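Q: structural data only, the sequence is not supplied:
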Ligand SMILES: [Zn+2]
């Protein structure tokens, strides 16, 4: 299985528009972060997790040829605002399967009513096939099974996903023990870590590292990173040897 980090930044991306923060002015390409998303492929299958406002650019840069489904973690704009840009995939493939809990699907159908409604469709509008995700109900993706993992982003329920020995959890602040159990035996864990300072709805670096220590994956990658985390090159030096800061266009094999 191959995983490509399409974006590793927090909601505004890095650089932030108009910011003169040193990290926003950095020339290191690893300090330029689009909104958070990954592309997962194996054999002939190709899935993405989330579809933020940078989706079009991410699909062009990664040269992703098709999307068999989009697994949504939650409805926040940095994870969903690019949905209109599924159009080229829809024209070639037909309805694009979108996976999310009922609340997320309802929210998306309100915000993208022209995509979800079946009446009076404008000819250029894309269509989706709705796949409702429920906790404790693993579902098929291609010839594999995706296991939803419920975490909390403040008080908001968010789904992370495990496929085989890979798991992706973003926008996490807390997780129940029985959900953490579902991560047993993962080789590669991706988890969000916003910044050094604590935050009300996100793991900071310390909380993410403690969580990784608890799950014990072979390797872990941090994502959903704010400019306040600091320069990629400097933060990476401080991490345990099996933990890495992800960066845009990083590709890993599991
Ligand atoms: Zn987010």
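A: Sure, I can see it. Keep in mind that this is a model prediction, so the values were computed, not measured.
Q: check contacts around the residue nearest to residue 253 when sequence neighbours are not counted.
A: In this structure, residue 253 finds its nearest non-sequential neighbour in residue 2, 5.5 Å apart by C-beta to C-beta, 6 or more residues apart in numbering. The way it works is simple: take the backbone N, C-alpha and C, and place the C-beta from them, glycine included. Applying C-beta atoms under 8 Å, 6 or more residues apart in numbering, we find residue 2 in contact with 40-42, 251-254.
Q: which member of those residues is positioned nearest residue 203?
A: Residue 203 has its nearest neighbour among the contacts of residue 2 in residue 252, at 20.4 Å by C-beta to C-beta.
Q: and the spatially most central residue of the chain, what does it touch?
A: Centroid-nearest residue in the chain: residue 37, 3.7 Å away (criterion: C-alpha atoms, centre = their mean). Taking C-beta under 8 Å, 6+ apart, we find residue 37 in contact with 6-7, 48-52, 54-55, 58, 79.
Q: per-residue confidence for it?
A: On the pLDDT scale, residue 37 is placed at 98.
Q: tell me the one of the contacts of residue 37 nearest the ion?
A: Nearest to the ion among the contacts of residue 37 is residue 79, at 5.6 Å by C-beta to the ion.
Q: which positions in the chain make contact with the ion?
A: Contact residues (C-beta under 5 Å from the ion) of the chain with the ion: 78, 171.
Q: how about 6 Å then?
A: When proximity is defined by C-beta under 6 Å from the ion, the chain lies next to the ion at 11, 76, 78-79, 171, 224.
Q: save those residues as a markdown table, and put in pLDDT too.
A: Output for the residues of the chain next to the ion, formatted as a markdown table (pLDDT from 0 to 100):
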| residue | pLDDT |
| --- | --- |
| 11 | 97 |
| 76 | 98 |
| 78 | 98 |
| 79 | 98 |
| 171 | 98 |
| 224 | 98 |
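Q: just the buried ones from the residues you listed, in ChimeraX syntax?
A: ChimeraX command restricting those to the buried ones, with burial defined by 16 or more other C-beta atoms under 10 Å:
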select :11,76,78,79,171,224
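Q: which of the residues of the chain next to the ion fall within helices?
A: Filtering the residues of the chain next to the ion for membership in helices, criterion DSSP state H, returns 78-79.
Q: most widely separated two among the residues of the chain next to the ion?
A: The widest separation within the residues of the chain next to the ion (C-beta to C-beta) is 10.8 Å, between 76 and 224.
Q: what's the burial count for residue 97?
A: 17 (other C-beta atoms under 10 Å).
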